[in-house]
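>>> Starting from these lines, generate the structure:
(3 chains)
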Amino acid sequence: MFPRTSFTSLLGLAFLASLTSIACGSSDPTGSGGEGKISFTTWGEEYIQDEIPPDSKEVTGFVDGWTVKYTKFLVNFQNIQVADAKGNKAASMDGSMLFNNQVKGVKSIIDFDGVEAKAWDQVSYEVAPVTDDTQLSDSATDEDKQMMIDGGFSFYVDATATKDDVTKHYAWGFAIGTRYQECHSEQEGKDEAGVVVTNNSDVEVQLTTHGDHLYYDRLQASPDPAILTSLRFDTIAAADKDEDGEITLDELDAAPLNVRLYDPSGLGAATQGAFVTSLARTIGHFRGEGECTISEL
Amino acid sequence: MLLATVPSAAQNAGDTVVAVEEEPAKIAPAEIPAAEPPPTTITVRGAPPPRSASEAVVDKRVLQAAPHRNASELLLTVPGVFVSQHGGEGKAHQIFFRGFDAVHGQDIEIWAAGAPVNDVSNIHGQGYADLHFLIPEVVREIRSTPGNYDPQQGDFAVAGTMRFELGYAEPGVTAKASLGSFGTRRYLLAYHPKDASDATFGAVEVYSTDGFGPSRAARHASGIGQTTYDFGRGITGRVMASAYAGRYDSAGVLRLDDIESGRVDRLATYDPKQGGYSSRAQLVFELKSQDAEAQEGRPASWSISPFVVQRSLKLRSDFTGFLTSPEGDSIQQRNDATTIGATASFRRELSLFSSHDALEAGLLLRSDSIEQSQHRLSLRNDLVTDDLLSQGIDAEVRATDAAGYLDASLHPVRRVTLRGGLRADGLSYMTDDKGGKAAGQTRSALGAQLSKRGTLDVIVFPGLNALASYGEGFRSPQARSLGDGETTPFTRVVSYEAGLRFRDALRFQSSLAVYHTRLSDDLVFDQATARNELVPGTARTGVSANIVAEPTDWFVSSTSFTYTRAVFVTSDARYEKGDLLPYVPQIVVRSDLAVTPRLGRVWGHDVQSHFGVAFTYLGRRPLPYAEMGHDAFLTDASVSVRLGPVETGIEAFNLFDADWYDGEFNYASEFSGAASLVPIRHVTVGPPRTLFWSFSIHV
Amino acid sequence: MHTLPPITRTLQNWLRSLARAAAWGAGLSVAGLALGAGIQACSSDSKDATSGKRVVLHTRVAVDDVATAKFASAVGWNITLTKALVSAGPFYYFDGAPPLVLREEHKGWQYAARLLGLGLAHAHPGHYQAGNAMGQMLESASIDLLDGAFDLPNGEGVTGTYRSARFTFAAPAGSGSGSLDGHVALTEGKAEKDGEPPRFFRAFADLDAIEKSASQAHIEGCEFTEVDVEDDGTVTATVNPKIWFDLVDFAGADEGSADAPAEFPDDSQPQIAFVLGVTQLSAYKFRYSSP
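Numbering: from 1, shown residues only, chains lettered A, B, ... in the order given. Next comes the predicted model:
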């Protein structure tokens, strides 16, 4: 049978042709799902911006009555990567950027535009030693950068601890590289891996730094829920053997671990210095209270 | 006006409706009677033309050839299907079909009498399909559409679609009582008015059993009623209502090494508190119009069918013993859902290439309101013991599916037919989560999929057709797994099939097809986490052969052979490209045979007899770590004799009492002694020889 | 209604149909089997099985060479062990990376390392994810570490990458348990330090004390030298009792004597430090070797 030359047949043919052209398009008729923007930021929260107070009913703090105020909390972020479960990369950061999270406010690290709107499960970042190529954010100064390069530091704190009429000052630089990967956090009641980008909208991913971890008395949480991880400073203060009001990392390395108060939780740290250096790796978090798998760089 | 309907077993590949009008017989003028006899119209309603070479319609004669205990066992007659009931007599069967482990229905779209059977986002498994509400005697036919070649196939059609059509032909009242092994009792009452079509009937079934071993008792009751009405002028209506409830115990799994070493008896159970409850009520309306004269004298037809389904499910199972809690890993799951929806279609003939071209437009709407929960319970005192390792779930889900399709049927040249079209599915989910760490936050997600489907049908010679088919489909995710605003990620499915179909009038049909299906990523079920684990993309290649012979009134046989090979097409850390996909049985062979001779005549009534037998073979079940599961060969048989209104018979299941395992799984557990964290084999024991004696009265 | 029409004609028709059916059936079966064999042949280059396979893992426990002679602990005591017993098992092996990557610690090297900007490889806390269980040995035994390598019953596993392990302690039972006196780790020896009298000590750890630090006495995240296991082989668990003493300051211990070594007083620094040492995951290292 050959097509009848009637208007209806021509209409039918045209209709079929348009169907075929739609059919040869993508599987999602509502478009490709869209694109969105991811804004990476960092924040130190009140513990770094203001102070860590003594422990009380309202606020968790030092159980032995100390107060710690930071003057500097320098962190060098690098190699932020966003990828999906199959390894396809959405975006990655070139170089590194130095921040002082003692400066108030949420600070922008980097924005990624035009990211496909879907779930990006594998988000990772690193805290690595500062180099000449490191960019400065508004919160950090050239002197800070030079000091970090000289020491090979990726993370540096400068703070003062007070209790009653005793004041101790310390400035510790950590020459360690840490990689945070498989980051996940709780969003809308669901444990979400990485970040979900939605069509034509901007999602903030905050690399939160927790300033209280250096003073934990355990390296891993206890399996016994009755045993809590607490913030302590007495033993650290006592490491100042020459009583000059300055606690150095060398003095901490010389102080054996006080096993009555501190529990290395299976991970090995024979001195207070080793203990604090291990804890320095845990300051990086994800979108508030979210966590990542930590490994050495 | 005489309206005769030929049963839909007519298999000539042809159009949907053929109207034949007969002229009244010519009469000599001298004999013209006062009134002319009315014209005779015979309408032949054939089956819709097939979308693929292996599409099959299993009719009543094949369904009734061998004995079946429930509607899931009826599915065994569909070529390529194997079912296993590993959770007790009341939990949905696990269905294997053409290289897919559809778990409890996630990859097979099932419809019964016009209502969907799959549960959306059921907490136990996506697409959970519980067929226990269907009484086997009232199933008139099962239409199997493998693959995704028909634009009418929607959500869950990854391996294919099964449609159950109901009907009961025995006129009058049938009362049947069955007594069997293990304290089984079954009572059936059915009614079908003599002059109405098969689709008008009512049936009620009550069943109870002690089970073939400890913790296997079950009872259920089910009622189904359906009626059709002809409004005239080609418009017909149908109403169907059903209600079902069942309660059952389950023995759960056993470690294979415990059975083989004799530490436990084959029929024992580790946890006697397993089991569940299931209920279903549904109401379906259908309004259909055929042969209405539309524009330009071209026939058109339409149909609309709204439905309401109410489902409740409670499951208590213990797969891992004491792995996550010293008080036991007994998990209780609850799922209550109300489904409202409708299907509608409009079809008209066109003349594009020929005068018999047609275009159909249709839609499917479905809205599910689901409340679901999951908690771990203590074996000692049934208190909830949820913790970080086994988080509680307490969620409300609202799922909506809006889909539409366009389906064209074109005849560009003689002997060649092109059928196919486009389908668009839009699925959305809103989840309100109060379990675990969630505190009542709500998330929502929506996604859409456009699928192209087509079939090329060439008539090689009358009776023999060659078909080639292409189809796209998708697998939808569980609602709770979606983040807020996430574009719903679907697994993309692409299927190809080519084959031959042969028809010899009504007596003999056969088909041979080769098929290939690719999935963008796949799922392997992990019992310990009760979650599907995402694995790399897969390809399934297979061959399906099917022969149905009904040469006489008293002989029917149906044999099918299906072989499928499922492999990974990419590698990841755990799976290599080219390795077999675990849990997917490779060989399924089924043969149903029935001989129903009339033995003679006694006291003025015919003595009818029925001898039926069915063989099922399941071969080569790959399991993880390069192991193979146990093959199974089962024989079911029945003998019955009927004298007038009285009938009696014996049914035997697993006639040769084969020791077999219907479910085999690999995962970590801790039942006695130290925990085995490396996955080891766990099995559920298949039923031994079971005999039923039944007695029926037909009035 | 099933009626039986005249025999001969029906029989003829029936036989004809049967013949046709049989011919088609035979033809289809042959075609089907040929196609099936074809599919099988086309994929003959790939393995006709699922991924991986099960392997048998012979298991043994050895002691680190360091502990067989006098060694220096991290807090400066020189220790010689005369007895080291442990009740251990089951062991489990996983594919998750351990939370600890060790480098040899050398005191003089510490300063140089910092000057060069290299960090000491210290443990980082928490966040250990075991991943999938790859192998296990489910029996427990009482083991004399100083008596040479000890063979445990065979374990089982699957092929794949092994990276970390779980070392567990068990309540002593069976042969050899008498010498443990109900403890799960028991040592005796002599500790010396310049300017301090020698201490003859008997240090032990009990299951309930260990369970306070390590849930269910499971030492999670021990290092398993990363390896791709492809066949049967031997897993060797090496216990390093030196680590047990790395936090112990014997200044708080009684002197004792060679014939009557002194136990650490309850709740003393040495007792607490010894138990913490026994739960150090760095004290237990696993490796695989092909037979």
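>>> Can you name the residue of chain A nearest to chain C?
Closest to chain C within chain A is A:Gly152: 2.4 Å, counting by Cβ to the nearest Cβ. Every C-beta, even on glycine, is put in place using the N, C-alpha and C of the backbone.
>>> Report how many residues lie close to that residue.
By other Cβ atoms under 10 Å in any protein chain shown, the residues close to A:Gly152 number 21.
>>> The helix or strand harbouring B:Ser144 and chain C, are they touching?
Assigned by DSSP states H and E, B:Ser144 belongs to strand B:139-146. No - judged by Cβ under 8 Å from any Cβ of the partner chain, strand B:139-146 stays clear of chain C, getting no closer than 15.4 Å.
>>> Kindly point out the strands partnered with that strand and how each is oriented relative to it.
strand B:56-58 (antiparallel), strand B:160-166 (antiparallel) (DSSP bridges).
>>> what mean pLDDT would you report for the longest one?
Per-residue pLDDT over strand B:160-166 has a mean of 96.
>>> Show residues contacting the helix or strand that it is followed by.
Counting by DSSP H and E, the next helix or strand C-terminal to strand B:160-166 is strand B:172-180. With contact meaning Cβ atoms under 8 Å, 6 or more residues apart in numbering or on different chains, strand B:172-180 is reached by B:184-192, B:194, B:209, B:651, B:690-699.
>>> If any of the residues you listed are buried, put those into a PyMOL selection.
Buried residues among the contacts of strand B:172-180 (16 or more other Cβ atoms under 10 Å in any protein chain shown), as a PyMOL selection:
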select buried, chain B and resi 184+186+188+190+191+192+209+651+690+692+694+696+698
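>>> Where does the prediction get shaky in the chain?
This is for chain A. Along chain A, the parts satisfying pLDDT under 70 run over A:1-33, A:223.
>>> other chain: chain B
In chain B (pLDDT under 70), the answer is B:1-47, B:291-298, B:436-437, B:525-532.
>>> would you list every one of the helices in it?
B:60-63, B:71-74, B:256-260 (DSSP state H).
>>> returning to what we had before: which ones among the contacts of strand B:172-180 lie within strands?
Members of the contacts of strand B:172-180 lying in strands (criterion: DSSP state E): B:184-192, B:209, B:651, B:690-698.
>>> Looking at the stretch 151-291 of chain C, what residue ends up closest to chain B?
For the stretch 151-291 of chain C, Cβ to the nearest Cβ, closest residue to chain B: C:Val158, 5.2 Å.
>>> mind checking how far that residue is from A:Asp242?
C:Val158 is 57 Å from A:Asp242, where distance means Cβ to Cβ, to the nearest Å.
>>> quick one on the thing from earlier: got a markdown table for the strands paired with strand B:139-146, with mean neighbour count too?
Listed next are those as a markdown table, based on neighbours: other Cβ atoms under 10 Å in any protein chain shown:
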| stretch | mean neighbour count |
| --- | --- |
| strand B:56-58 | 24 |
| strand B:160-166 | 23 |
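>>> Redo those as CSV? Include distance to A:Thr67.
Shown next, in CSV, are the strands paired with strand B:139-146 (distance: least, Cβ to Cβ, whole Å):
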stretch, distance to A:Thr67
strand B:56-58, 79
strand B:160-166, 69
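>>> Those: which one's closest to C:Pro241?
Counting by Cβ to Cβ, C:Pro241 lies closest to strand B:160-166 out of those; the figure is 63.4 Å.
>>> Name whatever forms a beta bridge with the residue of the stretch 151-291 of chain C closest to chain B.
Beta-bridge partners, per DSSP bridges, of C:Val158: C:Arg54.
>>> from what I can see it touches C:Val56, true?
No - here C:Val158 does not reach C:Val56: they are 11.0 Å apart, not a contact under Cβ atoms under 8 Å.
>>> neighbour-wise, which of the two wins?
C:Val158 (23 against 14).
>>> Quick check: that one vs B:Gly629, distance?
Distance, C:Val158 to B:Gly629, using Cβ to Cβ: 17 Å.
>>> How about A:Gln81?
Counting by Cβ to Cβ, the separation of A:Gln81 from B:Gly629 is 42 Å.
>>> Comparing those two, which residue is more hemmed in?
Using other Cβ under 10 Å as the criterion, A:Gln81 and B:Gly629 rank with B:Gly629 on top: 22 against 16.
>>> Which residue is the nearest non-sequential neighbour of the more buried one?
Once flanking residues are discounted, B:Gly629 sits nearest to B:Arg621: 3.3 Å by Cβ to Cβ, 6 or more residues apart in numbering or on different chains.
>>> give me the number of residues near the one you found?
22.
>>> contacting residues for the residue nearest to B:Asp271 when sequence neighbours are not counted?
In space, and not counting its chain neighbours, B:Asp271 is closest to B:Asp318: 4.1 Å by Cβ to Cβ, 6+ apart. B:Asp318 makes contact with B:Gly252, B:Tyr270, B:Asp271, B:Lys273, B:Gln274, B:Gly328, B:Asp329, B:Ser330, B:Ile331, B:Leu379, according to Cβ under 8 Å, 6+ apart.
>>> Reformat the residues you listed into CSV and put neighbour count and distance to B:Val595 next to each item.
As requested, the contacts of B:Asp318 are exported to CSV (neighbours: other Cβ atoms under 10 Å in any protein chain shown; distance: Cβ to Cβ, whole Å):
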residue, neighbour count, distance to B:Val595
B:Gly252, 24, 40
B:Tyr270, 21, 45
B:Asp271, 20, 45
B:Lys273, 18, 46
B:Gln274, 24, 42
B:Gly328, 21, 52
B:Asp329, 25, 50
B:Ser330, 23, 49
B:Ile331, 20, 48
B:Leu379, 18, 52
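>>> farthest-separated two in the residues you listed?
B:Tyr270 and B:Ile331 (13.8 Å).
>>> buried sites along whichever helix or strand C:Ile243 is part of?
Counting by DSSP H and E, the element that carries C:Ile243 is helix C:241-244. Residues C:Pro241, C:Lys242, C:Ile243, C:Trp244 are the ones in helix C:241-244 that count as buried (16+ other Cβ under 10 Å).
>>> That helix - what's its average pLDDT?
The model assigns helix C:241-244 a mean pLDDT of 92.
>>> List the residues that contact the residue found closest to A:Glu45 once you drop the neighbours it is linked to in the chain.
Beyond its immediate neighbours in the sequence, the residue positioned closest to A:Glu45 (Cβ to Cβ, 6+ apart) is A:Thr208, lying 6.5 Å away. Contacts of A:Thr208 were listed using Cβ under 8 Å, 6+ apart, and they are A:Thr42, A:Trp43, A:Gly44, A:Glu45, A:His285, A:Phe286, A:Arg287, A:Gly288, A:Glu289.
>>> Which of the residues you listed fall in helices?
Going by DSSP H, the helices hold A:Glu45 from these.
>>> and residue 239, how many neighbours?
All of this refers to chain A. Neighbours of A:Ala239 under the rule other Cβ under 10 Å: 23.
>>> Hmm, no, I was thinking of chain B.
So B:Val239, with other Cβ under 10 Å, has 14 neighbours.
>>> Same check on B:Phe319?
Count around B:Phe319 with other Cβ under 10 Å applied: 21.
>>> cool, and B:Asp101?
23.
>>> now do the one 3 residues further on
B:His104 has 22 neighbouring residues, counting by other Cβ under 10 Å.
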